[in-house]
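In: Below are the sequence and a predicted model for it; my questions follow.
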Amino acid sequence: MPGSLWSSAIPRISRSFWRLTSPVSIQPFPTHAFRCITTTAALCSSSFAPQAKIFHHVPPLREFRRDLLLNKRTVGLVPTMGALHEGHLSLVRQAATENTDVFVSIYVNPTQFGLNEDLESYPKTWESDLKMLESIDRELASTGQGRISAVFAPSTKIMYPTLPPDSSIPGVGSFIEMRPLSQLLEGASRPVFFRGVATVCMKLFNICGPERVYFGQKDIQQTVVIKRLVKDFHLNMEVRIGPTQREEDGLALSSRNVYLGSRRRNVGIVLNQSLRKAEEQYKSGNRKRADILWPANAHADKVLLEQDELDPTKRARFEVDYLSLADPETMEELDVVDETRGAILSGAVKMLPVESPQEGEELGVGGGQIPVRLIDNIVLDPIA
Ligand SMILES: Nc1ncnc2c1ncn2[C@@H]1O[C@H](COP(=O)(O)OP(=O)(O)OP(=O)(O)O)[C@@H](O)[C@H]1O
Ligand SMILES: CC(C)(CO)[C@@H](O)C(=O)[O-]
Ligand code: BAL
């Protein structure tokens, strides 16, 4: 409901690791390690002195960014929705190797969630996010690379200044549309998703003015959308894609994994297993869609059948949304892979609520009752 989204609150600031400091000037890279820079509302720890400032408003961030530019420093922006994990941190590390300053945005963007999606339950872990950023900034300081210098955590009123965000399909407001790219795959199941992503990223890019922006391969269609945004709107920045960070068995890290619980977690690996089976076909020389995808579909069907046959106290059922073999730039389905272009194998499954939860069972956040959408992909590289 727009009224409640409109007033979404600015997160409370942890006082344990970050504190207000007084202004100091910005130095050209690389002399900025172990110092605090700020104008307004800067938050730093006394012992290690992380330099990141937390911004909730646009004008002070713009002023800060302008000063960086005048000092010939470069900004790498890592957009996130918070609930940080190693996937996000890997992007921060990558950004720090290529820029003097890393900006991290934390904003759960309402317009990319459809009206029946999980906006309300999306995990919000502001305090632990700041602790993780402080810890990685400490690591960056010790390696002499770029540092996190700004965390941008705006309210929805700041991000949508004219009209309350509208997640309905007709969508009243100012939006960026990319058709048909945004209607395929993830966009088919989440019809407003990429409109919301492209719109909020355009806003974040305009506000932060980065030289480079960092996105994870885990959300591969999102990376294609962002590259298209940069190309079609002549945005002056490089798009950098970081590899998917995974659990040991291959499950892609995702903020939503906290809802899985152990029963669904163990079965959720089916998606990655299926994609790897398809990848093997490509690696062994197959180029036709049917040849590449059949073992993936067969594996998913087999696991689904196995689960169906289990007692409801033990099973974790799921629905396969899609298993796709698509062109790397358009995300259109392919009948045959052109080796000079390669392809993207991707998939999505919906883990259904846990049936008959058992006493003492580890059910995850939400008691196993929140459906969880898992996505994953493998890039089939062009053959030189
Ligand atoms: N496992 C991962 N490896 C690398 N990058 C990741 C991973 N998970 C997320 N990212 C990237 O981090 C950025 C922010 O993503 P986001 O905050 O939505 O986290 P998420 O884990 O993808 O959450 P969700 O549960 O909504 O999918 C995106 O560019 C996303 O692709
Ligand atoms: C890019 C993004 C931060 C836009 O809200 C989000 O879609 C995400 O976290 O992947
Ligand atoms: N990582 C993509 C954000 C979303 O699913 O809404």
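Out: Now that the structure is in, tell me what you want to look at. Ligands and ions are numbered 1, 2, ... in the order given.
In: Stretch 232-240 close to ligand 2?
Out: No - on the criterion Cβ under 6 Å from any ligand atom, stretch 232-240 is out of touch with ligand 2, staying 11.6 Å away. In this view, the C-beta of every residue, glycine as well, is placed from N, C-alpha and C.
In: average pLDDT for that stretch?
Out: Averaging pLDDT along stretch 232-240 gives 98.
In: same deal with stretch 205-218?
Out: Stretch 205-218 comes out at a mean pLDDT of 98.
In: Using PDB, write out every CA atom in it.
Out: C-alpha atoms of stretch 205-218 as PDB (Å, rounded to 0.1, in the frame of the first residue of the first chain):
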ATOM      1  CA  PHE A 205      23.800   6.600 -10.300                       C
ATOM      2  CA  ASN A 206      22.600  10.200 -10.700                       C
ATOM      3  CA  ILE A 207      23.000  10.800  -6.900                       C
ATOM      4  CA  CYS A 208      26.400   9.100  -6.400                       C
ATOM      5  CA  GLY A 209      28.000   9.900  -9.800                       C
ATOM      6  CA  PRO A 210      30.300   6.800  -9.800                       C
ATOM      7  CA  GLU A 211      33.000   6.000 -12.300                       C
ATOM      8  CA  ARG A 212      32.200   2.300 -11.900                       C
ATOM      9  CA  VAL A 213      29.100   0.400 -10.600                       C
ATOM     10  CA  TYR A 214      29.300  -3.200  -9.200                       C
ATOM     11  CA  PHE A 215      26.700  -5.900  -9.600                       C
ATOM     12  CA  GLY A 216      26.700  -9.600  -8.800                       C
ATOM     13  CA  GLN A 217      26.500 -12.300 -11.400                       C
ATOM     14  CA  LYS A 218      24.000 -14.100  -9.200                       C
END
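In: Please point out which parts of that stretch sit buried.
Out: 205, 207-218 (16 or more other Cβ atoms under 10 Å).
In: quick check, nearest of the residues you listed to Pro243?
Out: Comparing the buried residues of stretch 205-218 against Pro243 with Cβ to Cβ places Gln217 closest, at 5.6 Å.
In: can you give me the end-to-end distance of stretch 175-195?
Out: Using Cα to Cα, to the nearest Å, the end-to-end distance of stretch 175-195 comes to 7 Å.
In: circling back to that earlier point, same list (the buried residues of stretch 205-218) but as a markdown table, adding distance to ligand 1 and secondary structure.
Out: Shown next, in a markdown table, are these (distance: Cβ to the nearest ligand atom, whole Å; DSSP: H, G, I helix; E, B strand; the rest coil):
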| residue | distance to ligand 1 | secondary structure |
| --- | --- | --- |
| Phe205 | 13 | helix |
| Ile207 | 17 | helix |
| Cys208 | 15 | helix |
| Gly209 | 19 | coil |
| Pro210 | 14 | coil |
| Glu211 | 17 | coil |
| Arg212 | 13 | strand |
| Val213 | 9 | strand |
| Tyr214 | 7 | strand |
| Phe215 | 4 | strand |
| Gly216 | 2 | strand |
| Gln217 | 6 | helix |
| Lys218 | 4 | helix |
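In: now Thr330: how far from ligand 2?
Out: Between Thr330 and ligand 2 the computed distance is 20 Å (Cβ to the nearest ligand atom, to the nearest Å).
In: Can you pull the residues of the stretch 151-300 of the chain lying near ligand 2?
Out: Counting by Cβ under 6 Å from any ligand atom, the stretch 151-300 of the chain sits next to ligand 2 at Val197, Val200, Cys201, Asp219, Gln222.
In: restrict the buried residues of stretch 205-218 to contacts with ligand 3.
Out: Applying Cβ under 6 Å from any ligand atom to the buried residues of stretch 205-218, none is adjacent to ligand 3.
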